[in-house]
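> dropping the sequence and predicted coords here.
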Amino acid sequence: MELRQLSAPADPGFRLSLDDTARFVHEGYTVSVQVRRATPEDALNYHDYDPDEVVMAGAVTLEGTDVGAAWAVANERDAHDMREALEGVLREAVDDLRRTVARLSARVEETDRKCRAQQP
């Protein structure tokens, strides 16, 4: 997967800073990614706690509303693991966006049908 980071330095690769937000374009959508140190409480959700791990959270926002989100855990000392986690977050956030939009579209159509059926 090609990683296109917005407002990134000209050198190859990508930059992720702890407790900062980086923005990437994936399949035409902008995904905001935040990275923070994993905590022992986070580890309850996935496996044993490792102080070298970080939590990556990605979100796609449309019209001021988060409509797609995803997260992953990666070892910050392993560049391959970090890249895989970032790719997964980007892919899953956009997939979640598509599921959310499909669900909302179906609800709008259902509501529209009901309203039309009630009109004289």
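Perfect, I can see it now.
> can you give the distance of the strand or helix carrying residue 99 from its chain's centre?
Taking DSSP states H and E as the definition, residue 99 sits inside helix 79-118. Its chain's C-alpha centre and that of helix 79-118 lie 12 Å apart, by C-alpha atoms, centre = their mean, to the nearest Å.
> for residue 23, give me phi and psi.
The phi/psi pair for residue 23 (degrees, to the nearest 10) reads phi -120, psi 130.
> in contact with it: list those residues for me.
Residue 23 makes contacts with 5, 6, 7, 30, 31, 32, 33, as judged by C-beta atoms under 8 Å, 6 or more residues apart in numbering. C-beta: built from backbone N, CA, C; applies to glycine.
> assign a three-state SS to residue 33, would you?
strand (DSSP: H, G, I helix; E, B strand; the rest coil).
> and it, how far is that from residue 63?
20 Å (C-beta to C-beta, to the nearest Å).
> who has more neighbours, the two?
Comparing residue 33 with residue 63 by other C-beta atoms under 10 Å, the one with more neighbours is residue 33, at 24 against 5.
> dig out what the more buried one forms beta bridges with.
residue 22, residue 58 (DSSP bridges).
> isn't residue 33 right next to residue 18, touching?
No: using C-beta atoms under 8 Å, residue 33 makes no contact with residue 18, being 11.9 Å away.
> and the residue nearest the centre of the chain, what does it touch?
Geometric centre of the chain, nearest residue: residue 58, 2.5 Å, by C-alpha atoms, centre = their mean. Contacts of residue 58 were listed using C-beta under 8 Å, 6+ apart, and they are 31, 32, 33, 34, 69, 70, 71, 89, 90, 92, 93.
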